[in-house]
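Enquirer: show me the folded form of this:
(one chain, ligands or ions: 2)
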Amino acid sequence: MSPEPFDDGWMTREHARLMASGRAPVPWSECTAAALDEGSRARVAALWRARADAERCSVAIFATWAVDLVGAGAEAPFLALVTRAALDEVRHAELFDRLAEAYGAPAAPPSRDLPTMPDDERVPLRWQASREALELSVIGEGFSVALLYDLREHARDPAVRAALAVVLGDEAAHARVGWQWLAHVRADADAPALFAWLQALLPTAFARFEDAVFGADDGAPDDAADEALRAHGACPRARMRALYEALYDTLWRDGLGALGLHLTPRESH
Ligand SMILES: [Fe+2]
Ligand SMILES: [Fe+2]
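Expert: Ligands and ions are numbered 1, 2, ... in the order given. From the prediction side, this is the model:
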């Protein structure tokens, strides 16, 4: 150990080690941003910056879930996976910030947005942690996996594809841990009451998610004319909606059904 363990060099090395953590490197020098006209490049840069900000927000989301899981008496494997997920989200924010800058976004200080997560002192922490498993892992990360897979399928830029592959691998684990937790608390003595409570809040959980994803302007292109930008990681809003609806009608309906939670048929838009 160096005599000054918190010197800049140590921080920089530790940070690099944690961010790489066995993941494939991204070929930044192969980025094809220069092939785009200025307007398109600015749109793609804004899109990656918005995604980086959302990933930074996910750091706080997983950190909050970790706190609630400690209060819920969660065993070490849950704490390990959820605290690792918070670290993974730091990696994602960094990758997407770097993509934003590769597409010409000016360097900017980190965004300070914090998530709004439901909190009710009257609800036991084990129940709150279960609601978080549903909302942020099963729904939020589940959608992320489907979206990132789709983004990667259509992306042609080598740096974009490599960054998406790293993030996709992490998000798949983030989605699984929520399902694991819900299966775990099915064995609790108060599981019938817990699952009745979760059943009652299912419509709100999905409505909150839809509002977060489709209710805000995150720079996602609106029309099929933007299809060309898919090579650089953009996704038309209609495609995102189609992915969401497909998950609702398959993974979430069947997976939650297996846990005894029943989704009402989706209202078509
Ligand atoms: Fe992420
Ligand atoms: Fe995630």
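Enquirer: the residue in the stretch 1-150 of the chain that ligand 1 sits nearest to - how many residues pack around it?
Expert: Proximity of the stretch 1-150 of the chain to ligand 1 (Cβ to the ion) peaks at His92, 3.8 Å away. Where C-beta positions appear, they are placed from N, C-alpha and C, glycine not excepted. Applying other Cβ atoms under 10 Å, we find 23 residues neighbouring His92.
Enquirer: enumerate the residues of the stretch 151-269 of the chain near ligand 2.
Expert: Contact residues (Cβ under 5 Å from the ion) of the stretch 151-269 of the chain with ligand 2: Glu171, His174.
Enquirer: so where's the stretch 151-269 of the chain uncertain?
Expert: 216-225, 268-269 (pLDDT under 70).
Enquirer: tell me the secondary structure of Val26, please.
Expert: Under DSSP: H, G, I helix; E, B strand; the rest coil, Val26 falls in the coil class.
Enquirer: for the residue of the stretch 1-150 of the chain closest to ligand 1, what is the enclosing helix or strand?
Expert: helix 76-102 (DSSP states H and E).
Enquirer: which helix or which strand is home to Pro110?
Expert: Counting by DSSP H and E, Pro110 is part of no helix or strand.
Enquirer: check Leu243 too.
Expert: Applying DSSP H and E, one finds Leu243 within helix 237-247.
Enquirer: what do you get for Asp254?
Expert: Going by DSSP H and E, Asp254 is in helix 253-258.
Enquirer: put the alpha carbons of that helix into PDB.
Expert: C-alpha atoms of helix 253-258 as PDB (Å, rounded to 0.1, in the frame of the first residue of the first chain):
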ATOM      1  CA  ARG A 253     -47.600 -11.200 -17.900                       C
ATOM      2  CA  ASP A 254     -46.300 -14.800 -17.700                       C
ATOM      3  CA  GLY A 255     -43.400 -14.200 -15.200                       C
ATOM      4  CA  LEU A 256     -45.600 -12.200 -12.700                       C
ATOM      5  CA  GLY A 257     -48.400 -14.700 -13.300                       C
ATOM      6  CA  ALA A 258     -46.100 -17.500 -12.200                       C
END
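Enquirer: what sits up against that helix?
Expert: Val138, Trp179, Leu202, His262, Leu263 (Cβ atoms under 8 Å, 6 or more residues apart in numbering).
Enquirer: which of the residues you listed count as buried?
Expert: The neighbour count (16 or more other Cβ atoms under 10 Å) marks Val138, Trp179, Leu202, Leu263 as buried among the contacts of helix 253-258.
Enquirer: quick revisit: look at the residue of the stretch 1-150 of the chain closest to ligand 1 and report its pLDDT.
Expert: Listed pLDDT for His92 reads 98.
Enquirer: what's the answer for the one 4 residues further on, then?
Expert: At Phe96, the pLDDT value in this model is 98.
Enquirer: and the nearest residue to it once chain neighbours are set aside, what is it in contact with?
Expert: Using Cβ to Cβ, 6 or more residues apart in numbering and skipping residues adjacent in sequence, the residue nearest Phe96 is Ala52, 3.6 Å away. Contact analysis of Ala52 by Cβ under 8 Å, 6+ apart lists His92, Ala93, Glu94, Leu95, Phe96, Asp97, Leu99, Ala100, Ser111.
Enquirer: scan those residues and report the most crowded one.
Expert: Of the contacts of Ala52, with other Cβ under 10 Å as the count, Leu99 tops at 28 neighbours.
Enquirer: from Gly215, how far off is that residue?
Expert: Remark: distance between Leu99 and Gly215 (Cβ to Cβ, to the nearest Å) = 24 Å.
Enquirer: do the same with Gly104
Expert: The value you get for Gly104 to Gly215, if Cβ to Cβ is used, is 28 Å.
Enquirer: looking at those two, which has the bigger crowd around it?
Expert: The residue with more neighbours, out of Gly104 and Gly215, is Gly104; 15 against 11, by other Cβ under 10 Å.
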